[in-house]
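> coordinates for the following, if possible.
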Amino acid sequence: MGGKYQGSDESRVRVLPSIDYQWSNGFFAGALNGVGYNASTQSDRAYGVRVTADFGRKERRSDALQGLGDIDARPELGAFFNVSPASGITLSSSLRYGSGNDRKGLVFGVTVARGLSAPAQSR
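So this is what the prediction gives:
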């Protein structure tokens, strides 16, 4: 689930396949992470370059967008840096170029994720 458009506080649900693959040489491809290269050889960090998809937006999606026009889907070039300082915690950052009407916009994102592991089952 995400916003109806970048910066929106209105929700929008999208269903996407979550097929992602990373080769041992650092290259990866997938629906969520795009296509790119992870230059790190350490398991607790990842950094590199990638091409992702900006799905664009339609002006009709929200009253707040009226008069701003549609933005077509397009690729965005970017870089990323992710680190896991402790088990189950990941800090992620990305910088993407190519957004906006003139395709010269720069977007910076930071996320914190906490994973929970399932308790071990006794046999």
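> tell me the gap between the helix or strand encompassing Thr90 and the middle of its chain.
Remark: Thr90 resides in strand 89-99, with elements defined by DSSP states H and E. Counting by C-alpha atoms, centre = their mean, to the nearest Å, strand 89-99 is centred 7 Å from the centre of its parent chain.
> ok, it: who's next to it in the sheet?
Based on DSSP bridges, the pairing partners of strand 89-99 within the sheet are strand 74-86 (antiparallel), strand 105-114 (antiparallel).
> could you list the alpha-carbon positions for that strand in PDB?
In PDB, the C-alpha atoms belonging to strand 89-99 read as follows (Å, rounded to 0.1, in the frame of the first residue of the first chain):
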ATOM      1  CA  ILE A  89      16.900  -4.100  11.500                       C
ATOM      2  CA  THR A  90      17.600  -2.600   8.200                       C
ATOM      3  CA  LEU A  91      18.200   1.100   7.400                       C
ATOM      4  CA  SER A  92      17.700   1.800   3.700                       C
ATOM      5  CA  SER A  93      18.400   4.900   1.600                       C
ATOM      6  CA  SER A  94      18.000   5.700  -2.100                       C
ATOM      7  CA  LEU A  95      18.500   8.600  -4.400                       C
ATOM      8  CA  ARG A  96      16.600   8.500  -7.700                       C
ATOM      9  CA  TYR A  97      16.800  10.900 -10.700                       C
ATOM     10  CA  GLY A  98      14.200  11.300 -13.400                       C
ATOM     11  CA  SER A  99      10.900  12.200 -11.700                       C
END
